[in-house]
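Undergrad: Please work out how this folds:
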Amino acid sequence: MRYLVKARVKSGREPHLVRAIDDATLGKGSIAGDEYLRNMEQARVNDQDVATWVETCFCDQPLAEERPYWEEYFELLSVKDAHSRRNCRHENGTEPWACCDCDCTKKLEESLATQGDSFLQTFRTRRGDLT
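TA: Sure, this is the predicted structure:
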């Protein structure tokens with residue numbers, strides 16, 4: 001299933017989060033693998049410092065695997081279905097693991113890409129790292 005996630009970086013955790021992203025250690029040990037890094041590359045941030053991204057998760061409870069990794073750095077504000085569960089081929093049983101290559105949230109992700117600013121660019125700039 002795909003989820004629309006909204007979160008705010010916890011106070012004092014910004015430099016640690018950027019370092020974990022840059023060192024590719026964010027989510028290390030999770031079965032979700034590089035999904036964390038991909039999420040941060042695509043995340044957008046608004047002027048209230050709320051980051052938004054679309055995340056793929058196969059857990060029965062949304063983000064059950066990912067939540068401890070995210071909560072190390074973020075206060076999760078909301079985790080909502082990014083599209084209808086009845087239309088999700090993984091959720092309705094017509095195609096297990098369909099979310100891996102599905103484009104069901106393409107329009108949503110394209111729309112998000114035009115909102116706010118790049119999460120990584122914003123937080124790297126604050127840190128003084130413009131790479």
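Undergrad: Look up how far residue 94 lies from the residue nearest to the spatial centre of the chain.
TA: Residue closest to the average C-alpha location in the chain (C-alpha atoms, centre = their mean): residue 39, at 3.8 Å. Using C-beta to C-beta, to the nearest Å, residue 39 is found at 26 Å from residue 94. In this view, the C-beta of every residue, glycine as well, is placed from N, C-alpha and C.
Undergrad: What helices and strands are in contact with the host helix or strand of residue 8?
TA: According to DSSP states H and E, residue 8 maps onto strand 2-9. Secondary-structure packing of strand 2-9 (3 or more C-beta pairs under 8 Å, 6 or more residues apart in numbering; DSSP states H and E): strand 50-56, strand 74-81.
Undergrad: Where in this structure is the helix or strand with the lowest mean pLDDT?
TA: Scoring the helices and strands of the chain by mean pLDDT, DSSP states H and E places helix 106-112 at the bottom, with a mean of 81.
Undergrad: Which SSE is immediately downstream of that helix?
TA: Following helix 106-112 in sequence, per DSSP H and E, is strand 117-118.
Undergrad: Alpha carbons of the least confident helix or strand of the chain, in CSV - could you do that?
TA: Output of helix 106-112 as CSV, limited to C-alpha atoms (Å, rounded to 0.1, in the frame of the first residue of the first chain):
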residue,chain,number,x,y,z
LYS,A,106,2.1,9.0,-9.9
LYS,A,107,-0.3,12.0,-10.1
LEU,A,108,-0.1,12.6,-6.4
GLU,A,109,3.7,12.4,-6.4
GLU,A,110,3.9,14.7,-9.4
SER,A,111,1.7,17.2,-7.6
LEU,A,112,3.7,17.0,-4.4
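Undergrad: which of the residues in that helix are buried?
TA: Within helix 106-112, the residues scored as buried using 16 or more other C-beta atoms under 10 Å are 109, 112.
Undergrad: From the contact counts, what lies against that helix?
TA: Contacts defined by 3+ C-beta pairs under 8 Å, 6+ apart place helix 106-112 against strand 50-56.
Undergrad: Provide the contact partners of the strand it packs on at residue level.
TA: For strand 50-56, contacts defined as C-beta atoms under 8 Å, 6 or more residues apart in numbering pick out 1-9, 35, 39-40, 42-46, 63, 66, 74, 77, 82, 99-100, 105, 108-109, 112, 115-116, 119.
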